[in-house]
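**Q** Sharing a model prediction with you, sequence too.
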Amino acid sequence: MNADVARRDDWDVDFFAVSNSVMLLIMLLLLAATVTPVQQIAQGVQAQAYQGRSDPRQHTATEMLSWIDLIHGYPNTPWISAYVVNDGPDAVEIGINYPNARFVLNPGETVTVSRPGAQERIAILFLKCGVGETTSLRVTGEY
């Protein structure tokens, strides 16, 4: 004798089939939510990876604030280090990533800025001389 305790009709739903479907949907949503952050992390690691390339440049700084944008211009990736030579004739103020946090580099001086383990690499160099002054710079970046 194989009788159901309660009669099934057309509106009865199999609880286990519904719960399995809901669990599958939740797992797919969680998987989709983790793919985007993983892709962003991978892109960030790739952008920060050292490629072993040099980027030599010459720049003339004046009393007007100027900059070398490495993210929105060539090489479209931040530098890991920069070697700056002030060929003169005047001193120059140099800011790394922030225009108001500058240091002075006098004529004939050199400076090396290196950030191999930093979270923030060299994305923009800001350059400015005193009023009426100008100077010639050689800048070599590594990325």
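**A** On my side now, so go ahead. Residues are numbered from 1 along each chain as shown.
**Q** tell me the pLDDT at Asp4?
**A** Looking at Asp4, its pLDDT stands at 57.
**Q** For this structure, give me the ranges with low pLDDT.
**A** 1-18, 34-49 (pLDDT under 70).
**Q** ranges for the strands of it?
**A** Shown for the chain, the strands assigned by DSSP state E span residues 54-61, 66-69, 81-89, 92-96, 102-105, 110-114, 124-128, 135-142.
**Q** would you turn those strands into TSV with distance to Leu30 and mean neighbour count?
**A** Placement of C-beta: from N, CA and C, glycine included. Output for these, formatted as TSV (distance: least, CB to CB, whole Å; neighbours: other CB atoms under 10 Å):
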stretch	distance to Leu30	mean neighbour count
strand 54-61	42	14
strand 66-69	39	15
strand 81-89	41	17
strand 92-96	40	20
strand 102-105	47	14
strand 110-114	41	12
strand 124-128	38	21
strand 135-142	41	18
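**Q** Just put those strands in JSON lines and tack on distance to Leu24.
**A** Listed next are the strands of the chain as JSON lines, based on distance: least, CB to CB, whole Å:
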{"stretch": "strand 54-61", "distance to Leu24": "50"}
{"stretch": "strand 66-69", "distance to Leu24": "47"}
{"stretch": "strand 81-89", "distance to Leu24": "50"}
{"stretch": "strand 92-96", "distance to Leu24": "50"}
{"stretch": "strand 102-105", "distance to Leu24": "57"}
{"stretch": "strand 110-114", "distance to Leu24": "51"}
{"stretch": "strand 124-128", "distance to Leu24": "48"}
{"stretch": "strand 135-142", "distance to Leu24": "49"}
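**Q** Not counting residues beside it along the chain, what's closest to Pro89?
**A** Leaving aside its chain neighbours, Pro89 sits nearest to Pro107 (6.0 Å; criterion: CB to CB, 6 or more residues apart in numbering).
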